[in-house]
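> Give me the fold of what follows.
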Amino acid sequence: MHMSFRFAGLQESIIKAVKDAVEGKDIAVAFSGGLDSGLMSAIAKKYANSVHLYTCGTATAHDVMMAKDLSEKLELPWTHAEISKRNVEPLLKEMISSTGTTDPFTLSYELQLFCVCREAKEDTVITGQGADEYFMGCAKFVDQTDNDYYLQRDAAVERLLKVSIPCELSIAEHFGKEIFYPYMSEEIISGVSELGQDDLRPKDMDSRKSVLREIAQNMGYPHIAARKKKSSQYGSGTTDIIRKLAREKGMFYNEYIASLCDEVLFRDRAKGRGSIINARIDSIVKVEAENILRQLNMSPSEAVEMFYLKIIEDGGIQSVGKRKGP
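Numbering: from 1, shown residues only. Below you'll find the model as predicted:
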């Protein structure tokens, strides 16, 4: 390593975070074949007792092809946790039941980790979660006004901490695993916060996570630095399968997920209740509200119907449902 390298401090923090998580352990890696999990696996190989890579996806998924290729380059054992139309619905139901997750996006995104933990023989799992949010890897960070960029960045971190991580910890608990997030160590987050926005902010799709790519290149992993990757729900093929199942049942994507949640969490009470309402609300508001509804043993459909009945009773919306504060 050249000490003149401009990201040398952050590079050392990444090495230390992975080493602290894996040293002397048998490790399972949630492995997509991309930059984040590839760099993490290469470092883990130096310090862990053993490293086994696991990839969730369909037989022909982008992530599966990428992961198989990179596992061979890293000379690490690899297992394909296959998903298909045959097993996705039972997996989704098990995930909904064990985590209480009902958000369609979260279910499609986190099903990959669920399948990895289900397949892994090791007790410790490491994941590259957080790299997209802190190293600016999401497509939505590209081509934004200054104001929208900062709003998107902050919202992504908030969703990571309030929605994704709680779901993943529930997944790990369900399977008796311990999960580690090297890219979310305090030292790395602190190091990233000290970087200039010109270093982090992507100018185009190819410059996303450019800092992490430079670090991988500097560490002698050009084949990892050059990896391109899709979002996990698309790269794994999960979203396409769920959409096909929904169409076969004559439903929209979100409607199909809602029907599974009703069946698993609310004993089918909300199915067949009447008209479907399609509404977009903040994902964090949705998650927090539905956590409360579950404690009340009430389905979202019942809560929305109560709200509509209140509007009818009051002859208007008035103060009903309005947020407090400025």
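
> where exactly do the strands run in this protein?
26-30, 50-57, 78-82, 124-126, 178-180 (DSSP state E).

> Tell me, please, the helix or strand in this structure that averages the lowest pLDDT.
helix 232-235 (a mean of 71; mean pLDDT, DSSP states H and E).

> Could I get the full set of helices for the stretch 1-150 of the chain?
Using DSSP state H, counting those that start in this stretch, the helices assigned to the stretch 1-150 of the chain run over residues 8-22, 35-47, 62-74, 88-99, 104-119, 131-134, 146-159.

> again, but for the stretch 201-326 of the chain
210-218, 222-225, 232-235, 238-248, 253-265, 283-295, 300-314.

> What is the first one packed up against?
Judged by 3 or more CB pairs under 8 Å, 6 or more residues apart in numbering; DSSP states H and E, the packing partners of helix 210-218 are helix 8-22, helix 35-47, helix 197-200, helix 222-225. C-beta here means a position set from N, CA and C on the backbone, and glycine is covered the same way.

> As TSV, the ones you listed with mean neighbour count, distance to residue 236 and mean pLDDT would be great.
Formatted as TSV, the helices and strands packed on helix 210-218 follow (neighbours: other CB atoms under 10 Å; distance: least, CB to CB, whole Å; pLDDT from 0 to 100):
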stretch	mean neighbour count	distance to residue 236	mean pLDDT
helix 8-22	19	23	98
helix 35-47	24	13	97
helix 197-200	13	26	90
helix 222-225	18	20	95
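
> Redo the ones you listed as JSON lines? Include distance to residue 54.
Formatted as JSON lines, the helices and strands packed on helix 210-218 follow (distance: least, CB to CB, whole Å):
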{"stretch": "helix 8-22", "distance to residue 54": "15"}
{"stretch": "helix 35-47", "distance to residue 54": "10"}
{"stretch": "helix 197-200", "distance to residue 54": "30"}
{"stretch": "helix 222-225", "distance to residue 54": "18"}
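
> Which one of these lies nearest to residue 209?
helix 35-47 (6.1 Å; CB to CB).

> Run through the neighbouring helices and strands of that closest one.
Short answer (3+ CB pairs under 8 Å, 6+ apart): helix 35-47 packs on helix 8-22, strand 26-30, strand 50-57, helix 62-74, helix 131-134, helix 210-218, helix 222-225.
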